[in-house]
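Participant: quick one: sequence plus predicted model below, questions after.
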Amino acid sequence: MSNFAENVANKILNALSKFYENDKRIKIVSAHISGISYENIGDSGLSFLNDIAKDGKFTVYTTVNPMGADIYNNAFDLSETFIAKQKEIAEIYLRMGAVDSFTCTPYDYFSLPKRGSHVSWAESSAVVYGNSFLKLFTNKESALSALASSILGETIYSDLHIKENRKITLAFKYKDEINELILGLLIYHIGKEVEKPFAIKLHEKLSSLEKKASVAALGTISNVSLFSINIDGKEVKETSKIFKDELKKEYEELNTSEKGEAIILGCPHLNHTEILSLLKRMDGRHFKKDCIIACCREAYRNVIKFCDQSLLNKKRVFFFQNACPIFSPLLKAMDVKNIITNSVKAAHYYKYRGIGVNLKKLEDIIETESE
């Protein structure tokens, strides 16, 4: 006899099967669950999780998205009530069997499925990364459908789980300069127009920051969750050229402020290699305003092996561990109305949350915001 959690999970997948008009299910090897922040789910979501956790257990390897607060170091004096509620949510997921992850980049430190594996991932940028760079098979799941799949160990056999739907017939060429901001704007621009997987032909390989910028931008603006870099082959029927000047509209749409009171980096989360590279590029300089770096706790632990936390704080570098500054009361606690970031995804969401955004590439942030 199935328990309460399994019954709820089956109801969720049954509803999803009606949406896809397909009853067939497929076994998965991992899940990634979104909707972790107390800012997002509130008391009603917490109550639901408590009910599910009474007899619910994850049956596959399960990672979870960032929280709405750094519960390990409340450096910016977020409400103790909020911290307590966030801890309760985290403890529920861990009790159900989730890996202690709390990141939007589960591919950085945690166990990865083999190429070609079917998974159920819910974080939009992670979904695009998994499909595009890890060659996993996943749809863009909701928080509820990923939760259901993690309990049942299966999902609906639909959309990007089917090889035929993953064929790329459309390609774009871009020959101008590339950095993480330009690539984010480029993908944001393309994502508004396309309704199926596509390829981009570039003249150089992508860095880890550029890969993250691209998947985050696509996951933010589009329902398309798969693209490829420099694909060739007879299946590509149509190729279009895009030039840097065409990205001005996207930049002007997202760059809503000429300055910011704080710097927000790590959307998606930075790993320790990316953070250490940033610190090296600063070459002894310090930021003129607080720089908050969002990262998972594992990244933070690796950084402080090489850097003293108190010295970093003197440079006005702070960490938001296992947390996301966007879906958080962080900026309200800091009384920040405008931020500086290099992330197109962050700019998109902050704009709709009424926060001004000064959008520029990381190199320019270092140059203009440190001394």
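Facilitator: Structure received. It should be emphasised that the depicted structure is a prediction, and the values quoted were computed from it without experimental measurement. Numbering: from 1, shown residues only.
Participant: any stretches of the stretch 101-250 of the chain with poor pLDDT?
Facilitator: Residue ranges of the stretch 101-250 of the chain with pLDDT under 70: 232-234.
Participant: which stretches of it form strands?
Facilitator: Ranges of strands in the stretch 101-250 of the chain, per DSSP state E, counting those that start in this stretch, are 120-121, 154-156, 170-173, 198-201, 227-229, 238-241.
Participant: need those strands in a markdown table (columns: mean neighbour count and distance to Cys291).
Facilitator: Every C-beta, even on glycine, is put in place using the N, C-alpha and C of the backbone. Compiled in a markdown table, those are given as follows (neighbours: other Cβ atoms under 10 Å; distance: least, Cβ to Cβ, whole Å):
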| stretch | mean neighbour count | distance to Cys291 |
| --- | --- | --- |
| strand 120-121 | 31 | 29 |
| strand 154-156 | 24 | 39 |
| strand 170-173 | 19 | 33 |
| strand 198-201 | 21 | 30 |
| strand 227-229 | 20 | 30 |
| strand 238-241 | 10 | 37 |
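Participant: kindly reformat those as TSV containing distance to Phe318.
Facilitator: Shown next, in TSV, are these (distance: least, Cβ to Cβ, whole Å):
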stretch	distance to Phe318
strand 120-121	29
strand 154-156	38
strand 170-173	38
strand 198-201	35
strand 227-229	34
strand 238-241	42
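Participant: for Met282, which of the ones you listed is the nearest?
Facilitator: Comparing the strands of the stretch 101-250 of the chain by their distance to Met282 (Cβ to Cβ), the top pick is strand 227-229, with 29.5 Å.
Participant: name every strand pairing with the closest one and say which way it goes.
Facilitator: strand 198-201 (parallel) (DSSP bridges).
Participant: format the CA atom coordinates belonging to the partner strand as CSV.
Facilitator: What follows is strand 198-201, C-alpha atoms only, in CSV (Å, rounded to 0.1, in the frame of the first residue of the first chain):
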residue,chain,number,x,y,z
PHE,A,198,19.2,25.4,-31.6
ALA,A,199,23.0,25.7,-32.1
ILE,A,200,25.4,28.7,-31.9
LYS,A,201,28.5,28.8,-33.9
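Participant: how about residues contacting it?
Facilitator: 168, 170-174, 186-187, 190, 224, 227-231, 236, 239 (Cβ atoms under 8 Å, 6 or more residues apart in numbering).
Participant: swap the cut-off to 6 Å and go again
Facilitator: Ile168, Leu170, Ala171, Phe172, Lys173, Phe227, Ser228, Ile229, Asn230, Ile231 (Cβ atoms under 6 Å, 6 or more residues apart in numbering).
Participant: of the residues you listed, which is the nearest to Asn65?
Facilitator: For these, the nearest to Asn65 is Phe227 (21.9 Å; Cβ to Cβ).
Participant: does that closest one have any beta-bridge partners, and if so which?
Facilitator: With DSSP bridges as the rule, Phe227 is bridged to Phe198.
Participant: that one is in contact with Phe133, isn't it?
Facilitator: No - applying Cβ atoms under 6 Å, one finds Phe227 not in contact with Phe133, separated by 9.7 Å.
Participant: checking Cys267 next. Helix, strand or coil?
Facilitator: strand (DSSP: H, G, I helix; E, B strand; the rest coil).
Participant: ok, it to Ser47 distance?
Facilitator: 29 Å (Cβ to Cβ, to the nearest Å).
Participant: ok, these two, which is more surrounded?
Facilitator: Cys267 (27 against 11; other Cβ atoms under 10 Å).
Participant: please enumerate the helices of the protein.
Facilitator: Along the chain, counting by DSSP state H, helices occupy 4-20, 38-53, 80-96, 124-132, 143-152, 180-191, 208-221, 248-254, 272-282, 297-303, 309-314, 330-334, 344-352, 362-369.
Participant: to Phe320, which of those helices lies closest?
Facilitator: helix 330-334 (6.9 Å).
Participant: measure stretch 185-197 end to end?
Facilitator: Terminal residues of stretch 185-197 are spaced 18 Å apart (Cα to Cα, to the nearest Å).
Participant: actually stretch 321-335, sorry about that
Facilitator: Start-to-end, stretch 321-335 (Cα to Cα) is 20 Å.
Participant: and it, how far from the chain's centre?
Facilitator: Relative to its parent chain, stretch 321-335 has a centroid offset of 15 Å by Cα atoms, centre = their mean, to the nearest Å.
Participant: hmm, who's touching that stretch?
Facilitator: Contacts of stretch 321-335 (Cβ under 6 Å, 6+ apart): 37, 39-40, 66-70, 72, 76-78, 102, 264, 292, 294, 296-297, 300, 349.
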